[in-house]
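Asks: The following comprises the amino acid sequence and a computationally predicted model.
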Amino acid sequence: MRRRVRSRGQRVSTLAADMERATKCEVVVIGGGPAGAAAAARLASRGHSVVVLEGERFPRFHIGESLLPLGDKVFRELGVAEKVKRAGFVQKFGAQLLTSDGGHRVLFDFRQGSHVTPPWSFQVHRAEFDQLLLDHAVESGAQLVIGRATAVRLASDRVEVHYRGAGGDAGSVQAQVVVDASGRTGVVAKHQGVRIVDPELQKAAIYAHYRGVPVDAGDRAGDTRIVSLPKLGWFWFIPLKDGVMSVGAVLDMRDYQTRKKGDPAAIFAESMAAAPAAARLLATAERCSEFAVESGFSYRARQYCGDRWFLAGDAGSFLDPVFSTGVLMALRSGLEAADAAIAGYLSGRGSGAANAARRRYDRVLQRRYWFVRRFVTGFYDANTRDMFFSPRPALGVTRAVTTVLAGGFDLSLLDRWRVGLFFLLGRLQRRFNLVPRVSAPVATPVLETS
Ligand SMILES: Cc1cc2nc3c(=O)[nH]c(=O)nc-3n(C[C@H](O)[C@H](O)[C@H](O)COP(=O)(O)OP(=O)(O)OC[C@H]3O[C@@H](n4cnc5c(N)ncnc54)[C@H](O)[C@@H]3O)c2cc1C
């Protein structure tokens, strides 16, 4: 049996028959998306042997095209910042929120956040972006194997991941640690039974690429535009390079299910009719891809790691995409998983170090998840959404919120207080009409269980 393996520079080489025995490394990373690529690049650049098992041949389409400014810090840590800059992605200085009729528009400009450096990010074709990151991991010394992980064996002294290659051939990788970065598949997360579905954030997204959607002038041209929908759904408009616009509708799962007999195009058009501001943007546009649907997010992990395993990115948790936090959280957790693996297992400091590294990793990821979730659930609460639509610059609240929207999840004490005030105002809005009411209350149909 012969197997195709990608090594440095994405060169395809061929290994001899006994690959199962031959593939031993310190860390096996399942999945070569942003989380897996970040983990692998970090490990390899620190001199550790790492195998990335990726089920698909890159470049491949992936949704999740809007990045956040604080991602640049990760790019610099990985040594890939210049490559990302040179790729010619659309530069994004902020995000705009529009009411469904377009009558009310609010701008979050990253330049108004606290210490947001640089105060811009990118809108990316994920096929190209993910390829760039994975290539970087390989150039850093990671070994890429194209194969889909099918089983994981965890033992007290090692892990073993079995996989099936594109040609149906089987193999396995033996390592000291496994990082599960397999995205929503969550190979290890499911194996360990730690995934918990978030019943409050069950959504469905219908999306496609368009050409000919108008953009704003100057440096507002790269903004993400979010158009609010009745029943607290929303549309995204994300400008990509070469004149492509990613457009998607996110609907409450219950709302989506009541209409699921219709085809995605029909549900999309129906949603569009309820949002004249979105309809105007698409009036002269032409769709240049099929519609795709993703449903049934979000979830978290009861624990993000255990003995010899770490969950990074979507493999651990997935939060609704409204604030475009997914890729940044994936990149950061990829780096952190690599650091925890090094500190806990690869530095030979014994079980005390492993326990400490795991405790720290779990604490950091749990905290980050709950911090971001508060913003996401706030967006789906009509009163707090009203607050998003009515910035409060005088109290510094807008600055703090803008910092979070730029990916600043580790706030100063003062900014944490400001964020607390923002949510308090949202609660008060329920009773006192502090700001104009622009968000319709949620109608909650019964969730179908079949
Ligand atoms: C509708 C929607 C819109 C979104 N919009 C945004 C956005 O604008 N901005 C943003 O930051 N995020 C967004 N996200 C989230 C973003 O897509 C994810 O958070 C991000 O891709 C997570 O990266 P990851 O590396 O953890 O997983 P992925 O990017 O999913 O990578 C996982 C990789 O693992 C591989 N894999 C899976 N199973 C196996 C297996 N068994 N064996 C081997 N390999 C395997 C897959 O092929 C894949 O390449 C959005 C998500 C959705 C659903």
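Replies: Sure thing, it's come through. Numbering: from 1, shown residues only.

Asks: Could you list the low-pLDDT ranges of the stretch 1-150 of the chain?
Replies: Within the stretch 1-150 of the chain, the ranges that satisfy pLDDT under 70 run 1-22.

Asks: what ranges do the strands span in it?
Replies: 3-7, 11-15, 27-30, 50-54, 90-92, 94-98, 105-109, 121-123, 143-154 (DSSP state E, counting those that start in this stretch).

Asks: which stretch among these comes nearest Ala37?
Replies: strand 50-54 (7.5 Å; Cβ to Cβ). C-beta coordinates here come from the backbone N, C-alpha and C atoms, glycine included.

Asks: Just the CA atoms of that closest one, as CSV, please.
Replies: The C-alpha trace of strand 50-54 is given here as CSV (Å, rounded to 0.1, in the frame of the first residue of the first chain):
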residue,chain,number,x,y,z
VAL,A,50,3.5,17.4,14.0
VAL,A,51,1.2,15.7,11.5
VAL,A,52,-1.9,17.4,10.2
LEU,A,53,-4.6,15.1,9.1
GLU,A,54,-6.9,17.0,6.7
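
Asks: between that strand and strand 143-154, how many degrees?
Replies: For strand 50-54 against strand 143-154, the angle by axes from the mean of the first three to the mean of the last three Cα atoms, to 10 degrees is 90 degrees.

Asks: Buried residues of the lengthiest helix in the chain, list them for me.
Replies: Counting by DSSP state H, the longest helix found in the chain is helix 351-379. Of all the residues in helix 351-379, those buried under the rule 16 or more other Cβ atoms under 10 Å are 354, 357-358, 360-362, 364-366, 368-369, 372-373, 375-379.

Asks: picking that back up, out of the strands of the stretch 1-150 of the chain, which gets nearest to the ligand?
Replies: strand 143-154 (3.7 Å; Cβ to the nearest ligand atom).

Asks: and that closest one, what does it pack onto?
Replies: Applying 3 or more Cβ pairs under 8 Å, 6 or more residues apart in numbering; DSSP states H and E, one finds that strand 143-154 contacts strand 3-7, strand 50-54, helix 126-139, strand 159-165, strand 170-175, helix 187-191.

Asks: which residues pair with Leu251 across the strands?
Replies: Ala204 (DSSP bridges).

Asks: what's near enough to touch it?
Replies: Residues in contact with Leu251 (Cβ atoms under 8 Å, 6 or more residues apart in numbering) are Lys203, Ala204, Ala205, Ile206, Leu229, Lys231, Gly233, Ile267, Ser271.

Asks: and the second one, how many neighbours does it have?
Replies: The local packing of Ala204 (other Cβ atoms under 10 Å) involves 23 other residues.

Asks: Surely it is in contact with Arg254?
Replies: No - at 9.7 Å, Ala204 does not count as touching Arg254 under the criterion of Cβ atoms under 8 Å.

Asks: Is the longest helix of the chain in proximity to the ligand?
Replies: No - using Cβ under 6 Å from any ligand atom, helix 351-379 stays clear of the ligand, coming no nearer than 11.2 Å.

Asks: What is the following helix or strand past that helix packed up against?
Replies: Per DSSP states H and E, the first helix or strand lying C-terminal to helix 351-379 is helix 382-388. Helix 382-388 sits against helix 351-379, helix 413-432, with contacts defined as 3+ Cβ pairs under 8 Å, 6+ apart.

Asks: Dump the shortest one to PDB, restricted to CA.
Replies: Written as PDB, here are the backbone C-alpha positions of helix 413-432 (Å, rounded to 0.1, in the frame of the first residue of the first chain):
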ATOM      1  CA  LEU A 413     -11.200  46.700  33.900                       C
ATOM      2  CA  LEU A 414     -12.700  50.000  32.800                       C
ATOM      3  CA  ASP A 415     -13.900  48.600  29.500                       C
ATOM      4  CA  ARG A 416     -15.400  45.600  31.300                       C
ATOM      5  CA  TRP A 417     -17.300  48.000  33.400                       C
ATOM      6  CA  ARG A 418     -18.500  49.900  30.300                       C
ATOM      7  CA  VAL A 419     -19.600  46.600  28.700                       C
ATOM      8  CA  GLY A 420     -21.500  45.800  31.900                       C
ATOM      9  CA  LEU A 421     -23.200  49.200  31.600                       C
ATOM     10  CA  PHE A 422     -24.100  48.400  28.000                       C
ATOM     11  CA  PHE A 423     -26.000  45.200  29.000                       C
ATOM     12  CA  LEU A 424     -27.600  47.000  32.000                       C
ATOM     13  CA  LEU A 425     -28.900  49.600  29.600                       C
ATOM     14  CA  GLY A 426     -30.300  46.800  27.500                       C
ATOM     15  CA  ARG A 427     -32.200  45.400  30.500                       C
ATOM     16  CA  LEU A 428     -33.500  48.900  31.400                       C
ATOM     17  CA  GLN A 429     -34.700  49.400  27.800                       C
ATOM     18  CA  ARG A 430     -37.200  46.600  28.500                       C
ATOM     19  CA  ARG A 431     -39.100  48.900  30.800                       C
ATOM     20  CA  PHE A 432     -38.100  52.400  30.100                       C
END
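
Asks: Any residues of this protein in contact with the ligand? List them.
Replies: With the criterion set to Cβ under 6 Å from any ligand atom, the chain comes near the ligand through 30-36, 53-56, 62-66, 148-149, 181-183, 185, 187, 205, 248, 294, 297, 313-315, 321, 324-328, 330.

Asks: Quick one: residues contacting Arg164.
Replies: Under the criterion of Cβ under 8 Å, 6+ apart, the neighbours of Arg164 are Gly147, Arg148, Thr150, Ala170, Gly171.

Asks: And the residue of the stretch 151-300 of the chain at minimum distance from the ligand, how close does it get to Asn383?
Replies: Closest approach between the stretch 151-300 of the chain and the ligand, counting by Cβ to the nearest ligand atom: Gly183, at 2.5 Å. Distance, Gly183 to Asn383, by Cβ to Cβ, to the nearest Å: 33 Å.

Asks: now Phe93
Replies: The value you get for Phe93 to Asn383, if Cβ to Cβ is used, is 28 Å.

Asks: ok, back up a step: the strands of the stretch 1-150 of the chain into TSV, with extra columns for distance to Val74 and mean neighbour count?
Replies: Below are the strands of the stretch 1-150 of the chain laid out as TSV (distance: least, Cβ to Cβ, whole Å; neighbours: other Cβ atoms under 10 Å):
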stretch	distance to Val74	mean neighbour count
strand 3-7	23	19
strand 11-15	26	11
strand 27-30	16	32
strand 50-54	17	28
strand 90-92	16	20
strand 94-98	20	22
strand 105-109	21	18
strand 121-123	11	25
strand 143-154	20	20
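
Asks: want to try JSON lines for the ones you listed, with distance to Asp307 as columns?
Replies: Listed next are the strands of the stretch 1-150 of the chain as JSON lines, based on distance: least, Cβ to Cβ, whole Å:
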{"stretch": "strand 3-7", "distance to Asp307": "28"}
{"stretch": "strand 11-15", "distance to Asp307": "29"}
{"stretch": "strand 27-30", "distance to Asp307": "14"}
{"stretch": "strand 50-54", "distance to Asp307": "19"}
{"stretch": "strand 90-92", "distance to Asp307": "41"}
{"stretch": "strand 94-98", "distance to Asp307": "41"}
{"stretch": "strand 105-109", "distance to Asp307": "42"}
{"stretch": "strand 121-123", "distance to Asp307": "36"}
{"stretch": "strand 143-154", "distance to Asp307": "7"}
